[in-house]
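J.: Okay, sequence plus prediction incoming.
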Amino acid sequence: MRAVQLRGPGIIELVDVPAPSIGFGELLLEMRACGLCGTDLAKIFGGKRSVGPVPLGHELVGVVRAVGEGVTRFVQGDRLAVAHHVPCGRCRYCLHGSEPMCPQFKMTNIDPGGFAELVRIPALQVEQAAFPLPAALPDEAGVFMEPLACALRAVKRSDVQAGDRIAVVGAGCMGLLVAQAVALRGARPICLDLREERLELARTLGLERTLNVARSEPVQALLELTEGEGIDGAILTAVNGPILEAVLGSLRAGGRINLFADSVGPKHLPVDLSAFWHQEFSLIATYSTTPAELREAIRILASGLIQVHPLVSHRFDLTRFEEGARLQRDGRATKVLFSPIPRENTDGAERPQ
């Protein structure tokens, strides 16, 4: 079968590898669609050398090709959305609501990753991170199960309440999912970005309150948008010193900031801790998601309450993986989805049956 592999920093190849075999409690999934995530791009272009294969692709939809002994939830032919990490549910991290910090969560993954023609789904994922897709839900929508679940958890951890004014920094794919999840709570998202075309996409999704921070002074603009009261909270899908300062300058007393991304540029940013004490600010972070939000995301996607199709800017098969990855890395794509290699592009070799 064919699979995308990371050969070195920035070096990605489509190679022939043996099809994975499955064991007790496992599934073999034929990939139908897989989305490209920012964490994939960080692995590819982050410049770190790794030992051994690096799994790429975790926003996966596929059809069950083979069922391992002991599996009772699924049968051959089922169409599933699958995530890659599973917490144990018993450790201190899990018991305190920090499931993505669980050692098991960090160790688990699908094999060899979602950018492959066939993918082994280990037993833990079969039990907790694999969900059947309703017949009316297209593959492309199912791909958004995991990223939407991350957005839902960020909104929950931010304690967003109806009527809140929440600044969502960054109007890329994740920012627009977060903003829609904020609106689903009955709150009022304000989308911030440097690029007008991204804010225009936000408005087409019904996110009418937008702010181009390249054209205005963000603190003053946010105060004006909130009648001088300040924002109730902020979720940052893009993090740097100036935007953190702007958010703090427009945050009402008792407000909460959620870091939903790593810092771009310097990792040590100046923060006025006295303001946090005097005004009871809270600073939290959201790294990933849990099986509970995955289940909720499928329900919301099936309901149509959150729009995902307009977020897909490019569609390629696996033979054009490098092209798609560079487009998304350079900010020229909102969301890139990959599909299997067409039969006529396999150099005479048929795709796995």
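T.: Thanks, I have the structure now.
J.: So residue 166 is in contact with residue 232, correct?
T.: Yes. With contact defined as CB atoms under 8 Å, residue 166 reaches residue 232; the gap is 6.3 Å. Using the backbone N, CA and C atoms, a C-beta is placed for each residue, glycine as well.
J.: Pull up the overlap in contacts between these two.
T.: 160, 187 (CB atoms under 8 Å, 6 or more residues apart in numbering).
J.: So between these two, which is more surrounded?
T.: Neighbour count, other CB atoms under 10 Å: between residue 166 and residue 232, residue 166 has more, with 28 against 22.
J.: Now do the SS call for that one.
T.: When classified by DSSP: H, G, I helix; E, B strand; the rest coil, residue 166 comes out as strand.
J.: list the contacts for the most centrally placed residue in the chain?
T.: The residue lying closest to the centre of the chain (CA atoms, centre = their mean) is residue 147, at 2.9 Å. The contact partners of residue 147, by CB under 8 Å, 6+ apart, come to 35, 37, 59, 173, 174, 177.
J.: Just the closest of those residues to residue 207, please.
T.: residue 177 (10.9 Å; CB to CB).
J.: where does the closest one fall, helix, sheet strand or coil?
T.: Per three-state DSSP, residue 177 ends up helix.
J.: same deal with residue 31?
T.: Once three-state DSSP is applied, residue 31 turns out strand.
J.: what's the domain layout of this structure?
T.: Domain assignment for the chain, taken from automatic domain parsing, gives 2-147+310-345, 159-285.
J.: if we can go back for a sec, am I right that the residue nearest to the centre of the chain is in a helix?
T.: Yes. According to three-state DSSP, residue 147 belongs to a helix.
J.: Give me the pLDDT for it.
T.: Here the pLDDT value assigned to residue 147 is 98.
J.: Specify which member of the contacts of residue 147 is nearest to residue 120.
T.: Lowest distance from residue 120 to the contacts of residue 147 (CB to CB) belongs to residue 59, with 16.9 Å.
J.: ok, the closest one to residue 241 distance?
T.: Per CB to CB, to the nearest Å, residue 59 is found 30 Å from residue 241.
J.: Looking at these two, which has the bigger crowd around it?
T.: Neighbours were counted for residue 59 and for residue 241 using other CB under 10 Å; residue 59 has more, 25 against 15.
J.: Is the more buried one bridged to anything, and to what?
T.: In this entry, residue 59 is beta-bridged to residue 35, by DSSP bridges.
J.: Now do the helices in the stretch 201-350 of the chain.
T.: Using DSSP state H, counting those that start in this stretch, the helices of the stretch 201-350 of the chain run over 218-225, 241-250, 273-279, 291-303, 321-329.
J.: now the ones you listed as JSON lines including distance to residue 192?
T.: Listed next are those as JSON lines, based on distance: least, CB to CB, whole Å:
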{"stretch": "helix 218-225", "distance to residue 192": "7"}
{"stretch": "helix 241-250", "distance to residue 192": "8"}
{"stretch": "helix 273-279", "distance to residue 192": "20"}
{"stretch": "helix 291-303", "distance to residue 192": "24"}
{"stretch": "helix 321-329", "distance to residue 192": "20"}
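J.: so which of those helices gets nearest residue 186?
T.: Within those, the stretch nearest residue 186 is helix 291-303; the backing value is 14.4 Å (CB to CB).
J.: Buried ones in stretch 54-70, by neighbour count?
T.: Within stretch 54-70, the residues scored as buried using 16 or more other CB atoms under 10 Å are 54-68.
J.: thinking again about what came up before, ok, so of the contacts of residue 147, who is nearest residue 125?
T.: Checking the contacts of residue 147 against residue 125 with CB to CB, the nearest one is residue 59 at 13.6 Å.
J.: That closest one against residue 144, yeah?
T.: Yes. If you go by CB under 8 Å, residue 59 and residue 144 touch, sitting 7.1 Å apart.
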